[in-house]
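Novice: After the sequence you'll find the predicted model.
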Amino acid sequence: MKQTRLALEDQVVALIYPEKLQNDIETLFGKREAILRLPSHRITIREQDTGGFSLQIDDEIEFEGLDKDDLFLSLIGEVVQTLITEIQSGVAIHAGAVSWNGKGIILPGTTGAGKSCFCAWLAGHGFKYLSDECVVLRPDVPCFTALPRPLILKEETSLSLLNGGAENLLALGAGAAFWPKSSVLTGQPHNCHLVLFPRFASGSEFRLDKLSPAQAALELMACNVNARNLPDHGFGIVTAFAQEVPAIKVEYGAFQQLQDAIDAVLDLIV
């Protein structure tokens, strides 16, 4: 069995897996610097006699009889959930993240909001890719850390958003997990210069609205995934971010419309 460690803020997870999956695991999570801190949890993959795989969190088996596609999709979700469950060092937000000339942008949103596709499009147009799933807003506002995770799109045809800038692709059924060539895998903090809330609705017209600090705080709290770990449910950090960092909402119905958002985004992060 092989082992690698994944970290986010003060949390470390040991991922233990059969040697035959090493190339797939490295494709899925990227090659990173060794983490020497002791893990708080273990995720173990075992090959079963039936030819499928089981997925175990610490001492409890969560899934059995998984094929490789289902295994990796389940694994991605379990890694994220295990890393964020006990974070107390900041507010974990369901969000993607990119950067432009070292200036961070976070894209909060619930499942289906279009943040992964927006991150893919930005990564294909000169932005550095940080994450498509989770960021942690730190008490030293406006700093945040991003969980390095491959972009996951439900349809491989969405790879066209990257303008050929994808590598280390791992097919997952009709979709794919991949790292944009502009990916940054370090867990170092970034300064946030813009909060961008994407809203995708097929066929809708393009619309960009600036949000007030109060509106931005409400939107951020709706994406808060570790509120129960924090004495004030993260409200203090979230409101400080909303007051200091400009926020916009971008509604779009086709990827071609996103070009209209670039000038506005760059103007706000200068």
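Specialist: Received it, and whenever you're ready, just let me know what you need. It should be emphasised that the depicted structure is a prediction, and the values quoted were computed from it without experimental measurement. Numbers count the residues shown, from 1 in each chain.
Novice: Tell me where the stretch 101-250 of the chain has strands.
Specialist: Remark: strands assigned in the stretch 101-250 of the chain by DSSP state E, counting those that start in this stretch are 103-108, 128-131, 134-137, 143-146, 151-153, 166-172, 175-180, 190-200, 207-211, 247-252.
Novice: Dump the next helix or strand after the last one to PDB, keeping only the CA atoms.
Specialist: Think strand 247-252. Tracing the chain past strand 247-252, the next element assigned as helix or strand by DSSP states H and E is helix 259-269. Output of helix 259-269 as PDB, limited to C-alpha atoms (Å, rounded to 0.1, in the frame of the first residue of the first chain):
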ATOM      1  CA  GLN A 259     -15.800  37.700 -22.200                       C
ATOM      2  CA  ASP A 260     -18.000  40.600 -21.200                       C
ATOM      3  CA  ALA A 261     -17.100  40.100 -17.500                       C
ATOM      4  CA  ILE A 262     -13.300  40.200 -17.900                       C
ATOM      5  CA  ASP A 263     -12.900  44.000 -18.200                       C
ATOM      6  CA  ALA A 264     -15.100  44.500 -15.100                       C
ATOM      7  CA  VAL A 265     -13.200  41.900 -13.100                       C
ATOM      8  CA  LEU A 266      -9.800  43.300 -14.000                       C
ATOM      9  CA  ASP A 267     -10.900  46.800 -13.200                       C
ATOM     10  CA  LEU A 268     -12.000  45.700  -9.700                       C
ATOM     11  CA  ILE A 269      -8.700  43.900  -8.900                       C
END
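Novice: So which bits of helix 259-269 are buried?
Specialist: By neighbour count on 16 or more other Cβ atoms under 10 Å, the buried set for helix 259-269 is 261, 265, 268, 269. In short, each C-beta sits where N, CA and C put it, glycine included.
Novice: right, and the secondary structure at the spatially closest residue to residue 9 that is not a sequence neighbour would be what?
Specialist: Residue nearest to residue 9 in three dimensions, not counting chain neighbours: residue 89, with 4.7 Å by Cβ to Cβ, 6 or more residues apart in numbering. When classified by DSSP: H, G, I helix; E, B strand; the rest coil, residue 89 comes out as coil.
Novice: how far away is residue 213 from residue 62?
Specialist: Shown here: residue 213 relative to residue 62, a distance of 40 Å by Cβ to Cβ, to the nearest Å.
Novice: So those two - more neighbours on which side?
Specialist: The residue with more neighbours, out of residue 213 and residue 62, is residue 213; 16 against 13, by other Cβ atoms under 10 Å.
Novice: how much space is there between that one and residue 202?
Specialist: For residue 213 relative to residue 202 (Cβ to Cβ), the value is 31 Å.
Novice: Check residue 57 too.
Specialist: For residue 57, the distance to residue 202 equals 36 Å [Cβ to Cβ].
Novice: Residue 251 touches residue 207, doesn't it?
Specialist: Yes: counting by Cβ atoms under 8 Å, residue 207 is a contact partner of residue 251 at 4.4 Å.
Novice: out of these two, which sits in the more crowded spot?
Specialist: residue 251 (17 against 13).
Novice: Show me what the more buried one is bridged to.
Specialist: residue 199, residue 207 (DSSP bridges).
Novice: same question, residue 152
Specialist: Here residue 152 sits in beta bridges with residue 177, going by DSSP bridges.
Novice: low pLDDT regions in the stretch 1-150 of the chain?
Specialist: 31-33 (pLDDT under 70).
Novice: what about the helices in this protein?
Specialist: With DSSP state H, the ranges of helices along the chain come out as 22-29, 68-84, 115-123, 213-222, 235-244, 259-269.
Novice: Please work out which of these is packed deepest.
Specialist: Of all the helices of the chain, helix 115-123 has the most neighbours on average by mean count of other Cβ atoms under 10 Å, namely a mean of 26.
Novice: what residues does that helix touch?
Specialist: 95-98, 105, 107-109, 129, 131-132, 151-153, 158-159, 161-162, 165, 180, 182-183, 196, 198, 200, 250, 255, 258 (Cβ atoms under 8 Å, 6 or more residues apart in numbering).
Novice: rerun at 7 Å
Specialist: The contact list for helix 115-123 (Cβ atoms under 7 Å, 6 or more residues apart in numbering) reads 95-96, 98, 107, 109, 129, 132, 151-153, 158, 161-162, 165, 180, 182, 198, 200, 255, 258.
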